[in-house]
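**Q** Sequence and predicted structure below; questions after.
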Amino acid sequence: MSAMGATGNGSGTTTGTVTSQPGLAGALALPRGRRGAELIMLAFAIGVVLFAYANVGLGLNGRVPTGLATYGVLFGVLMLGAHLAVRKLAPWADPLLLPLAALLNGLGLVMIYRLQESGRNGNPGNAISTMSASTTTFQLMWSTIGVIAFVAVLLVIREPRTLQRYTYTLGAIGLVLLALPALLPSSISEVPGTGAKIQVAIGGFSIQPEEFAKLALAVFFAGYLVAKRDVLALAGRHVLGIALPRARDMGPVLIAWAASLLVLVFESDIGTSALFFGMFLIMLYVATQRTSWLLIGTSLFLVGAWAASKLVSHVGVRFAIWLHPFTYANVFCGASSVRVPCVPSYQLAQGIYGLGFGGLLGTGLGHGQPYLTPLVQSDFIITAFGEELGLTGLMALLLIYGLIVQRGLRAAVAVRDPFSKLLAGGLAFVVALQVFVIVGGVTQLIPLTGITTPFLSQGGSSLVASWMLIALLMRISDTARRPAPQPIQDEGMTQVVRGI
Amino acid sequence: MNHALRRVSLACLAMFLLLLANANYVQGFEANKLADDPGNGRTFALQYQYQRGSIITANNQPIAQSKHIGGVYSYQRYYPSGPTYAPVTGYDTPYRKTGIEGTEDRLLAGTDPRLAVRNLIDLVTGKPRKGATVQLTINSAAQEAAYKALKATGLPGGAVAIDPKTGAILALASYPSFNPNKLATLNGNALNKADQKYLNSPQQPLLNRAINETFPPGSTFKIVTSSTAFSTGKYNPDSRYYAPTNLKLPQTSNELINFDNLPCDDGSNPTGNGTVPLIYAFAVSCNTVYGGLGMHLGGAKLHQQANAFGMNRALRIPLLVSPSNYPPVSAPAFTAYSAIGQYNDTVTPLQEAMFAAAIANHGTLMRPYMVQKVIAPNLTPLVTTQPSVLSQAVSPGVASDVGRMMFDVVNQPYGTAHDIAPDLPGIRVAAKTGTAQTGANNTGLDDAVFTSFAPYGNPDIAVGVVVKGGGLGADASAPVAVQIIKAYLNYLHSSAK
């Protein structure tokens, strides 16, 4: 455990500063769960969501939606249930994560309701053909399942370290989940109209296994890297000041790279591919602290992406769209009036037009035209927020995500056990990366790759998986913040002396 | 591991900062540019939710309106006399915005910053947003006459009428035209079909021939050549000039001839080797006289004079006008051809009207314009166009000389446009005809060109007409101009009562 030295030193320093005020540490360090703060913030989040919901009705047709009471009670009970479960199961967990997740989930529901109502029941706008009148109900049902999954994770996993035992089991499950859509026939696995084979749809009910594969593989990476990190971190030689790993240790990186490329080629899903590889790379970096792994990994990814853009037409088209989304021929590509070679940028262009239309303050909920963007309820939901809540609302949403990531990373820094540390770091990073890839994609910062916006996009798998991810982060933060059992006060004093 | 985790959190911070910066860029800085993008359906759909402003003629006749239709989209654009005004109003589709619909889009849509305060008040008081009304200088009598007369020729062409004193455009017609109502449909398939039909039609109905197609000016360019000559101070309408039946050209075996190879003889030049007064050569349109005169004056001077008449530059009226060209010519033979409008000089019908307008207005060419004023929804005028001078084409003396020659074209029995005089009883018209030979070796049908102003002495209207393949200017184009002049002067007469 020589690599623990670095961490050991780190925590040693921390202990040193705390113990420099021995009396105070004993009195104040008795940490509080801050569940009360969580409840107040949760109530605030629920309030914001209900106001937004009422606002949709007022914006669309001047009436408060009839379902406000039912909806409010359901959503409130759901979130309060989650809160009570946290009180019981993870009393020391970070108090911010649950309110942030509840706010995002609630706002996602509100926007889905707003989009569903567009052009229906005499409301202005076009009806969105890819949504039905019960989409919001389904999404609320999925939210319920998500919260149940959240509680279940907290209930089953009492100690994050126990997950380490299932490293390879979860790794295998993750790979199967990831590969499943590619192995199934297109009729079951292809998302209609996108060419991406990422789902398992049976009888109108579909799940996207990759969302759960993300969690399983995060556990696998954490377990694997904790076991192997010494050899990955230390063996090898220095070339030009960079510590290069041994060739035989390149195996795992190459396997992860190959797997991500296979996902890309067989499922035409660039976003997921980037997400998994990015998560793996960052966890590898955190485990080994070796910058060379980042350089090697990033180069591999860029080579892969470049090759893919040449070999897989789907990827090349995404690049072309990114470069010229507003070219008239591209926007109306496919219309009979456009004959020149073109790439279909209609969706991206409409999304960004929506953002521009929203401007700084937005049109207000129900006053914009987000329905003009195809499939706005899934990948492009952030542009609907940008249009109706404006730059202000969009920035607020990004800050909420930023806070979740920050609390996750904070839990990673605080927790002692390296496996949990790695897992929390990986999960927090994957949220950041996912938000970056999708929000960056729909705002033309990077080429667009279709992945879900955590908590906001319509779709059950992503929502449930996001709730499970929050549960894992809260479990880890609970472990990190839980006060160590203190059998005898005097022994504590003895430790202080040792610390000095 | 904490060291690496801190670096990871910095990386995450960087990613979020990039997203925030980009969102600010898109929604803060790019928003206006995005709103103007032709593919932006949001701005387009909005016009169906709010009442887009009307476009009305100078005499308050609506030519584009938003009709309340109810349903998901509340308003639909309606053009009461579609094809007649189509080159003026243009159309507004998600694919394109043209004409006044395009140039005044923000005012019509109500998104112009000048309407911002008004919109804010409406927002507070809960009134729906409304676009501003755009009042044009177009006179419906002149416009309808112009379109009807062009249509009667059955040939492609354009006609423009200007008030020479102000530059206000009274009529701007093009044929074949299109029906903008077909492009105002809310049915996407029907729209695409109509758009395709118009775009692919060999008749090019979407082409605004009044301002966006150029034709050889033919003999109407003799106005420029005469102006150049008189401006030197060495010539006047009564100056005699060499008038051969065939003009030998230097450095080529080609000879310049008159129309139908006729001699240029007012009775004083029976041999075809003497001279005639310029005013006679102008009225019967002798090519040999003006070819020789042009060579003598030189391409550079002609180019300069053409510029003074507004050629060689793009104008905005506010529609974008294709430049009428007189490129500098140096070879004498080509100068001779260009001086009679037969080389590579080309003009729009608007330019033809501007020739006459400058002469009619004592040599001062007023800047042509089409938007008289813009009226906010609360009926306060937002913009009122003040007439302005585009250039001093010629001195008042020269203008009066050229005007006198143009008067003879109609009012002397030998004038090329004498035939129209009976059609305009009691109206004194000055004009110049042009017959531009087109195609290699003059195989194409001649384009008929006509420029005129009336009443002579105190002009109210200047008209330029080009009919493609119309043959003699006096045959095809002159009747169009006659109809426009008649309709407009009648309108003035009856409204004065």
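**A** Done, it's in. Numbering: from 1, shown residues only, chains lettered A, B, ... in the order given.
**Q** Restrict stretch B:461-469 to CA atoms and write it as CSV.
**A** C-alpha atoms of stretch B:461-469 as CSV (Å, rounded to 0.1, in the frame of the first residue of the first chain):
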residue,chain,number,x,y,z
ILE,B,461,-44.2,61.6,-63.2
ALA,B,462,-41.2,60.0,-64.9
VAL,B,463,-41.7,56.5,-66.3
GLY,B,464,-39.2,53.9,-67.4
VAL,B,465,-40.3,50.7,-69.2
VAL,B,466,-38.5,47.8,-70.7
VAL,B,467,-40.3,45.0,-72.5
LYS,B,468,-38.1,42.1,-73.3
GLY,B,469,-38.5,41.0,-76.9
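**Q** How far away from the center of its chain is it?
**A** 10 Å (C-alpha atoms, centre = their mean, to the nearest Å).
**Q** Spit out the contact partners of the residue nearest in space to the middle of chain A.
**A** Centroid check for chain A by C-alpha atoms, centre = their mean gives A:Val431 as the closest residue, at 3.2 Å. A:Val431 makes contact with A:401, A:404-405, A:408, A:454, A:469, according to C-beta atoms under 8 Å, 6 or more residues apart in numbering or on different chains. The way it works is simple: take the backbone N, C-alpha and C, and place the C-beta from them, glycine included.
**Q** Apply 10 Å and report the result again.
**A** By C-beta atoms under 10 Å, 6 or more residues apart in numbering or on different chains, the residues touching A:Val431 are A:401-402, A:404-405, A:408-409, A:454-455, A:466, A:469-470, A:473, B:12.
**Q** Following element in sequence after the helix or strand containing it, please.
**A** If you go by DSSP states H and E, A:Val431 is part of helix A:418-442. As assigned by DSSP H and E, the chain's next helix or strand after helix A:418-442 is helix A:460-481.
**Q** So what angle separates the directions of that next one and helix A:418-442?
**A** 140 degrees (axes from the mean of the first three to the mean of the last three C-alpha atoms, to 10 degrees).
**Q** For the stretch 301-450 of chain B, which residue gets nearest to chain A?
**A** B:Leu320 (17.9 Å; C-beta to the nearest C-beta).
**Q** Next, work out how far apart the closest residue in space to that residue that isn't next to it in sequence and B:Leu172 are.
**A** Counting by C-beta to C-beta, 6 or more residues apart in numbering or on different chains, the nearest residue to B:Leu320 once its immediate chain neighbours are dropped is B:Ala314, at 6.4 Å. Separation of B:Ala314 from B:Leu172 (C-beta to C-beta, to the nearest Å): 16 Å.
**Q** more crowded one of those two?
**A** B:Leu172 (32 against 9; other C-beta atoms under 10 Å in any protein chain shown).
**Q** And the closest residue to that one other than its chain neighbours, which helix or strand is it part of?
**A** Leaving aside its chain neighbours, B:Leu172 sits nearest to B:Ala210 (4.8 Å; criterion: C-beta to C-beta, 6+ apart). Per DSSP H and E, B:Ala210 falls inside helix B:209-212.
**Q** following that helix, which helix or strand comes up?
**A** Helix B:209-212 is succeeded, C-terminally, by helix B:222-231 (DSSP H and E).
**Q** picking up where we left off before, ok, now which ones touch the residue nearest to B:Leu172?
**A** Counting by C-beta under 10 Å, 6+ apart, B:Ala210 makes contact with B:87-88, B:146, B:150, B:157-161, B:169, B:171-175, B:319, B:321, B:348-350, B:352-353, B:464-466.
**Q** Wait, the residue nearest to B:Leu320 touches B:Gln351, no?
**A** No. B:Ala314 sits out of contact with B:Gln351 when judged by C-beta atoms under 10 Å, with a separation of 11.7 Å.
**Q** Pull up the overlap in contacts between those two.
**A** The contact sets of B:Ala314 and B:Gln351 overlap at B:321-324 (C-beta under 10 Å, 6+ apart).
**Q** What distance do you get for the residue nearest to B:Leu172 to chain A?
**A** Distance, B:Ala210 to chain A, by C-beta to the nearest C-beta, to the nearest Å: 25 Å.
**Q** Around chain B, pick out the residues from the stretch 401-500 of chain A.
**A** Residues of the stretch 401-500 of chain A lying close to chain B (C-beta under 10 Å from any C-beta of the partner chain) are A:401-403, A:405-406, A:408-410, A:412-414, A:418, A:421-422, A:424-426, A:428-429, A:431-433, A:435-437, A:439-440, A:442-446.
**Q** Residue 418: neighbouring residues, count only.
**A** Chain wasn't specified; assuming chain A. Using other C-beta under 10 Å, A:Pro418 has 21 other residues around it.
**Q** nope, chain B
**A** When neighbours are counted by other C-beta under 10 Å, B:His418 comes out with 16.
**Q** Look up phi and psi at it.
**A** phi -60, psi -30 (degrees, to the nearest 10).
**Q** before we move on, what about B:Arg367?
**A** Per degrees, to the nearest 10, the backbone of B:Arg367 is at phi -70, psi 120.
**Q** Enumerate every residue touching it.
**A** Going by C-beta under 10 Å, 6+ apart, the list of residues near B:Arg367 reads B:166-167, B:310, B:315-317, B:354, B:385, B:387-391.
**Q** where's the dip in pLDDT among the residues you listed?
**A** Within the contacts of B:Arg367, B:Ile317 has the lowest pLDDT, namely 90.
**Q** from memory that residue sits against B:Ile138, does it?
**A** No. In this structure, B:Ile317 is not within contact of B:Ile138 by C-beta under 10 Å, at 11.2 Å.
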